[in-house]
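Trainee: how would this look folded up:
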Amino acid sequence: MLSVIESRVKRLRRIIRRKSIDALLITNIRNIRYLTGFTGSSAFALITGTRSLFFTDFRYTEQAEHEVLCFERLVEKGKRIQLLQAQAKKMGISSLGFEASASYEFYDQLCRTGISLLPQNGIVEKMRMVKDESEIAKIREAIRRAEEAFLAIKPKIRPGVTERKVALMLEDELKKRGCLKVPFDIIIASGRHSSMPHAGQT
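Mentor: Below you'll find the model as predicted:
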């Protein structure tokens, strides 16, 4: 996994150079996970042509030590905007790319730092579209688990069993096979609900 992360960061650095920006700020937590391996819920990253900085708060310090191996790890203290402003000054960053998916409130705060801001639309998302071998292997494993879980509960689906019961059985079988959680609410629809693609469960 380490070599995969390093490869992703190198690819991103090449893009940053082509964009003629000093650094790219990553705030989307899914993109953070893709680039760093971090599985927590709060972090951001700052990537330049030569350095990769990862920031998270004190709750995730120990977790980051185990998961984030290709970045300089720093503890986020105080307000994020002030921290970014200080780091930009320290590193000589005058033009900062940021993810266009960031909230307007965050963008408004960034504007007050005096740094030249350049919105970047979907840079990491486009990288994520092309799956590497490790991702393909995980997709195959996810399919295997889903198919086995469905086949395990299939004989138990019969008249009188509620949609909610079927959903709970399926989730249980998925977790028995190694899934930590389901990525979205399981949709089980029968009878009058079967014509609705996103029916609620009863």
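
Trainee: mean confidence (pLDDT) on stretch 100-114, please.
Mentor: When pLDDT is averaged along stretch 100-114, the result is 92.

Trainee: how about the strands in the chain?
Mentor: If you assign secondary structure with DSSP state E, the strands in the chain sit at 23-26, 44-48, 52-56, 72-75, 95-99, 116-120.

Trainee: pull the longest helix from the chain.
Mentor: Ranked by number of residues, the top helix in the chain under DSSP state H is helix 133-153.

Trainee: from the contact counts, what lies against that one?
Mentor: Judged by 3 or more Cβ pairs under 8 Å, 6 or more residues apart in numbering; DSSP states H and E, the packing partners of helix 133-153 are helix 163-176. Quick note: C-beta positions are derived from backbone N, CA and C, even for glycine.

Trainee: quick revisit: send the alpha carbons of the longest helix of the chain over as CSV?
Mentor: Once side chains and other backbone atoms are set aside, the C-alpha atoms of helix 133-153 remain, and they are given as CSV (Å, rounded to 0.1, in the frame of the first residue of the first chain):
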residue,chain,number,x,y,z
GLU,A,133,-4.4,-3.2,-9.1
SER,A,134,-5.0,-2.8,-5.4
GLU,A,135,-8.4,-1.1,-5.9
ILE,A,136,-9.4,-3.7,-8.5
ALA,A,137,-8.6,-6.5,-6.0
LYS,A,138,-10.7,-4.8,-3.4
ILE,A,139,-13.6,-4.4,-5.8
ARG,A,140,-13.4,-8.1,-6.6
GLU,A,141,-13.4,-9.0,-2.9
ALA,A,142,-16.4,-6.7,-2.3
ILE,A,143,-18.3,-8.4,-5.1
ARG,A,144,-17.4,-11.8,-3.6
ARG,A,145,-18.7,-10.9,-0.2
ALA,A,146,-21.9,-9.4,-1.6
GLU,A,147,-22.7,-12.4,-3.7
GLU,A,148,-22.0,-14.9,-0.8
ALA,A,149,-24.0,-12.8,1.6
PHE,A,150,-27.0,-12.7,-0.8
LEU,A,151,-26.8,-16.4,-1.4
ALA,A,152,-26.7,-17.1,2.3
ILE,A,153,-30.0,-15.2,3.0
